[in-house]
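J.: structure of the sequence below:
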Amino acid sequence: MKNSIITFLILFTTMQGAWNTPFIDTDETLELKYGMPKEDVLDVLGYPLYVEKGWPDGKSNEIIWIYEIRTTDVASNISTSGEVNVVKSSSSKKPNGVVHKLKLTFNNNKLNHWEPLVEDKVSGISMLPMPSLDVASVAVAAASSKKPWSIHPKISMVSESWEVYDYDGEEDGGGGVRFGVNIGKSMFGMNVGADISFGSGTGFMLFVDKKMFGFHWIASIGTDVYDEYYEAVGGFKIGVFKDISTFSVGLETMARSADHWNYDMGNAMFITLKYKLRG
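T.: Have a look, this model is predicted:
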């Protein structure tokens, strides 16, 4: 029986002595007055939650204490009929949630001013994990914002066909492989630049590339020579391309004329593969 009583007393003492964070409420803060000595503040509010700053021997002689302010619930009156009369103050009080922290500043050991403490809320925010960034992608994105020049090396299979004077209605033809590059810059919602090619013929043309309906529609104007001996020259080329990953595949066509006794009008067809090296 004696052991049971001792155990009960220990449990009761433990329950009554539960740990708690020091706090103050409105009634206590209303007792603060400008110029109060530190000792009087301690008598009213008790010890602070923590000391943020304390330089009693410095030139400013500034000391900063931080208190935690909580709201308090008060016990309302209940009549014999069961009616609850809500009151604003009561002898029975119970601490509730934290409102904010109060910052008290002392100069020369006397209360100078008090105000709510502005805390850094960033540390309390649950941050989502940042996605890993590819350095190359970031560099490309930054470059894109400045509208850099695009560079597209290319290779083309060329097919040439001609009408021949000697043979009524008969056609002659040829072709080969072309290498080249398109260098352009984005402007006015289009890509504008130079089309340079060599190999089975040579060409230097200016192009306009407009993307619509998922395709690139390209028109080029300039000079493209297939055979210098026959002076087979074209000056206008049109084509359509489709992007496939880092490549662009397309078909282009160009009308030609020849200053030669045996050749009349001709046509060139280009099946082209571009590699989007940049842009």
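
J.: pretty sure residue 43 sits in a helix.
T.: Yes. Under DSSP: H, G, I helix; E, B strand; the rest coil, residue 43 falls within a helix.

J.: ok, it - contacts?
T.: When contacts are counted by Cβ atoms under 8 Å, 6 or more residues apart in numbering, residue 43 touches no other residue. Where C-beta positions appear, they are placed from N, C-alpha and C, glycine not excepted.

J.: can you show me the strands along the stretch 101-250 of the chain?
T.: Taking DSSP state E, counting those that start in this stretch to define them, one finds strands in the stretch 101-250 of the chain at 110-116, 149-164, 171-187, 190-199, 202-212, 215-227, 232-244, 247-260.

J.: want to throw those strands into CSV with mean pLDDT?
T.: Listed next are these as CSV, based on pLDDT from 0 to 100:
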stretch, mean pLDDT
strand 110-116, 90
strand 149-164, 86
strand 171-187, 85
strand 190-199, 92
strand 202-212, 93
strand 215-227, 90
strand 232-244, 91
strand 247-260, 86
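
J.: what would the ones you listed look like in CSV with mean neighbour count and distance to residue 266?
T.: CSV is the format used below for the strands of the stretch 101-250 of the chain (neighbours: other Cβ atoms under 10 Å; distance: least, Cβ to Cβ, whole Å):
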stretch, mean neighbour count, distance to residue 266
strand 110-116, 14, 86
strand 149-164, 18, 4
strand 171-187, 16, 8
strand 190-199, 18, 17
strand 202-212, 17, 15
strand 215-227, 18, 8
strand 232-244, 17, 6
strand 247-260, 16, 4
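
J.: tabulate the ones you listed (TSV), appending distance to residue 271.
T.: Shown next, in TSV, are these (distance: least, Cβ to Cβ, whole Å):
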stretch	distance to residue 271
strand 110-116	74
strand 149-164	5
strand 171-187	10
strand 190-199	13
strand 202-212	16
strand 215-227	14
strand 232-244	10
strand 247-260	6
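
J.: closest one to residue 73 among those strands?
T.: Smallest distance to residue 73 across those (Cβ to Cβ): 21.6 Å, for strand 110-116.

J.: partners of the one helix or strand residue 52 maps to, with directions?
T.: Element membership of residue 52, judged by DSSP states H and E, is strand 50-54. Strand pairing for strand 50-54, using DSSP bridges, gives strand 62-74 (antiparallel).

J.: and the contacts of stretch 31-39?
T.: So stretch 31-39 is in contact with 41, 44, 45, 63, 104, 106, 109, 110, 111, 112, 113, 114, going by Cβ under 8 Å, 6+ apart.

J.: what's around residue 74, how many residues?
T.: 13 (other Cβ atoms under 10 Å).

J.: go on, the one 3 residues further on?
T.: Using other Cβ under 10 Å, residue 77 has 10 neighbouring residues.

J.: separation between it and residue 83?
T.: Applying Cβ to Cβ, to the nearest Å, the value for residue 77 to residue 83 is 9 Å.

J.: helix, strand or coil: sort out the closest residue to residue 46 other than its chain neighbours for me.
T.: Closest residue to residue 46 apart from its sequence neighbours, by Cβ to Cβ, 6 or more residues apart in numbering: residue 22 at 6.5 Å. Taken by three-state DSSP, the conformation at residue 22 corresponds to coil.
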